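In: Kindly generate the corresponding structure for this input.
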Amino acid sequence: MGFGPVEVVIIGFPGNKFTGAIAPAILEAAHNQTVRILDLLFVSKDDQGTVTTLEIGDLDPDFGPSFIDIAVSHPGALDHEDADELSEDLPNNSSALLIAFEHTWAARFSDAIRAADAIVIDQIRIPAEVVDDFVASAF
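Out: Below you'll find the predicted structure:
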């Protein structure tokens, strides 16, 4: 079986208010085999504009014990180039978590597309907030 689609999600934390509260949701998705976490990268910019980058292996329990429990299959897939690119747009006194994950639930679907000699022409992801807003206003 081949890979499912891979996605990189960038989650911003204005004011550097990172608590690690999202780690349980990431762990649950990985344990349920909905996704496979390929890599995690944390980028922070202080109020003076100094950038700090932490890879998953650099994290210690003080950062957030839940993140220590997240197994990544391809550490280094997100690297300092990704951090540099992100930090250019990251406002001072904020941080971001980059998560690269494979949609393992879609691997069989991807195999079926290839077996049918078909191709994916486009893929569009609509953020959950947009869907929530639409549903709230439409119904």
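
In: where does this structure have low pLDDT?
Out: Within the chain, the stretches with pLDDT under 70 are 1, 60-66.

In: nearest spatial neighbour of the residue positioned nearest the centre of it, skipping sequence neighbours?
Out: Residue closest to the mean C-alpha point of the chain, counted by Cα atoms, centre = their mean, is residue 99 at 2.1 Å. Nearest residue to residue 99, sequence neighbours excluded (Cβ to Cβ, 6 or more residues apart in numbering): residue 9, at 5.0 Å. (C-beta placed from N, C-alpha, C; glycine too.)

In: try residue 16
Out: residue 95 (5.0 Å).

In: picking up where we left off before, now do the contacts for the residue nearest to the centre of the chain.
Out: 8-9, 11, 26, 37, 39-40 (Cβ atoms under 8 Å, 6 or more residues apart in numbering).

In: Identify all contacting residues around stretch 100-112.
Out: Contacts of stretch 100-112 (Cβ under 8 Å, 6+ apart): 1-9, 29, 33-40, 73-74, 77-78.

In: Same check on stretch 7-14?
Out: 22, 78, 82, 86, 90-91, 93-101, 103, 125.

In: Can you mark which positions in that stretch are buried?
Out: For stretch 7-14, a neighbour-count test (16 or more other Cβ atoms under 10 Å) marks residue 13 as buried.

In: And the strands in the chain?
Out: 6-14, 36-45, 51-55, 94-102 (DSSP state E).

In: Determine how far the second one lies from the middle of the whole chain.
Out: Yep, that's strand 36-45 we're talking about. 7 Å (Cα atoms, centre = their mean, to the nearest Å).
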